[in-house]
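Chemist: model the structure of this input:
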Amino acid sequence: MIGYVVSFLLGLGVGGLYPMLRRRRAAAVERSVAVAEELPAALREAVAALAEEVSAVAFDADDPQATPAVLKEHRAALTASRLAGAARTETDALIALHGGRAAMIRLDARLQGRPVPIDALPSAADVGRPQAVTGTGERYVFTGAGEGRTEVLIDRPEPGRPALLDAHVTGSGSFNLQTMTRTEQETDTGLHLLIVINEYHGRRYLPVDDATHLRVTTTDRNDDCRWSIRLVPLSAATALDPEHRGYGEEVLRYDGGPAVLTVQFQTDHTWEVRYVCQCQVSSSYCDCPPLAWPKNTPGDHRSTDVYCHGEGRRTLRLPRPGFLIVKETHGGGSWYLTTQPVDIPPPPPPGRRRRR
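Modeler: I've put the predicted structure just below:
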């Protein structure tokens, strides 16, 4: 295996890659910043961050993870980083950043044994036409304008964990955001995360699943649609206060014990508040043991969400720490959440029997 890896490296012309990575790390970062001085500050920072991230990755020749496919992705990331550092225009820097980050995402997927994402094939209308490049190069942020369809690779701030998705849309027309799975083995349409008309400002919950891309589809007759998407770590969710007022769509962190949540919503549209147990951060289902709620406790112990159309008031049981997802059809409306703790004795330790 070692001989095969070395032969592969020599075939690529990078036989000295391993020691070079460690020697050139500081030089790569310094060079990328110096060369890109004429670019905007935010873009210079993004170029430097990519250079440091790529340079920090190194493999030993006898590392079993250093397969030809892994080394190919790493080499693509190194090449893109050099191009970004040598760029003289914003467009060239953004294109190189896109390529470098995509290579790093594929590299991480191969190292972690996950399906490897691939780029979407261009539509017939886009063949021969340059792809529009927008944004500042900031990681986890995607922007667009006008009418069309865009797919971006999901780059999670916390790998293997759900994320928060901040979306902002202005102008007229429709905005449709959904997940996609696009790998070497599978192409599949996933969840519809957001479908809105005209302006929207809110936060959605992006679960952990097999999705590899976010697809944005917009219609814009007046050519004034502008949108941005930012992926935020789940750890950045706002803590739920005992009395919490808000507007639009939000994801809140609940840190308390057993409690009853009272939801009051003022809107003309359909709304929902859903509880997600803390164990579902790394799993698709909750296997926590049920609680022995007092008989007169409001709410249904079998339900993890409440919903209504128009102005309404509902109650929801919160068994343990987790997250609350507040959703409303058009991202508007105001709401008021209150929590009332419920005293539930802890269950006896496993293996002990109560005396009669």
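
Chemist: tell me, how many neighbours does V47 end up with?
Modeler: 28 (other C-beta atoms under 10 Å). Heads up, the C-betas are built off the backbone N, CA and C, glycines and all.

Chemist: could you look up the SS state of it?
Modeler: helix (DSSP: H, G, I helix; E, B strand; the rest coil).

Chemist: that one contacts R82, correct?
Modeler: No. With contact defined as C-beta atoms under 8 Å, V47 does not count as touching R82 (10.5 Å).

Chemist: where do the helices sit along the protein?
Modeler: 2-12, 17-35, 41-55, 68-86, 90-112 (DSSP state H).

Chemist: which residues are in contact with R230?
Modeler: Y140, V141, F142, L165, D166 (C-beta atoms under 8 Å, 6 or more residues apart in numbering).

Chemist: give the bridge partners for it, please.
Modeler: Counting by DSSP bridges, R230 forms beta bridges with V141, D166.

Chemist: separation between it and P157?
Modeler: Counting by C-beta to C-beta, to the nearest Å, the gap from R230 to P157 is 10 Å.

Chemist: now do A259
Modeler: 29 Å.

Chemist: who has more neighbours out of those two?
Modeler: For A259 versus P157, neighbours defined as other C-beta under 10 Å are more numerous around A259 (21 against 16).

Chemist: show me what contacts the more buried one?
Modeler: Counted by C-beta under 8 Å, 6+ apart, A259 has contacts R317, L318, T339, Q340, P341, V342.

Chemist: per-domain residue ranges of this structure.
Modeler: 2-112, 140-235, 237-341 (automatic domain parsing).

Chemist: tell me how far the second one is from the chain's mean position?
Modeler: Averaging C-alpha positions (C-alpha atoms, centre = their mean, to the nearest Å) puts domain 140-235 9 Å from its chain's average.

Chemist: partners of L194 in the sheet?
Modeler: If you apply DSSP bridges, the partners that L194 bridges to are L177.

Chemist: same deal with V152?
Modeler: Bridge pairing for V152 - DSSP bridges - gives L214.

Chemist: and E38, what does it touch?
Modeler: R88.

Chemist: nearest to I325 among the contacts of R230?
Modeler: Using C-beta to C-beta, L165 comes nearest to I325 of the contacts of R230, at 11.2 Å.

Chemist: tell me how far the ends of stretch 141-156 are from each other?
Modeler: 11 Å (C-alpha to C-alpha, to the nearest Å).

Chemist: list of residues touching it?
Modeler: The contact list for stretch 141-156 (C-beta under 8 Å, 6+ apart) reads 101-102, 105, 117, 119-120, 123, 132, 134-135, 139-140, 163, 173, 179-180, 182, 206, 211-221, 223, 225-231.

Chemist: got the buried residues for that stretch?
Modeler: Neighbour counts over stretch 141-156 (16 or more other C-beta atoms under 10 Å) mark V141, F142, T143, G144, A145, G148, T150, V152, L153, I154, D155, R156 as buried.

Chemist: so where's the protein shaky on pLDDT?
Modeler: 1-36, 61, 121-134, 283-284, 346-356 (pLDDT under 70).

Chemist: what do you get if the cut-off is 80, keeping everything else the same?
Modeler: 1-38, 58-63, 120-136, 221, 281-285, 329-332, 345-356 (pLDDT under 80).
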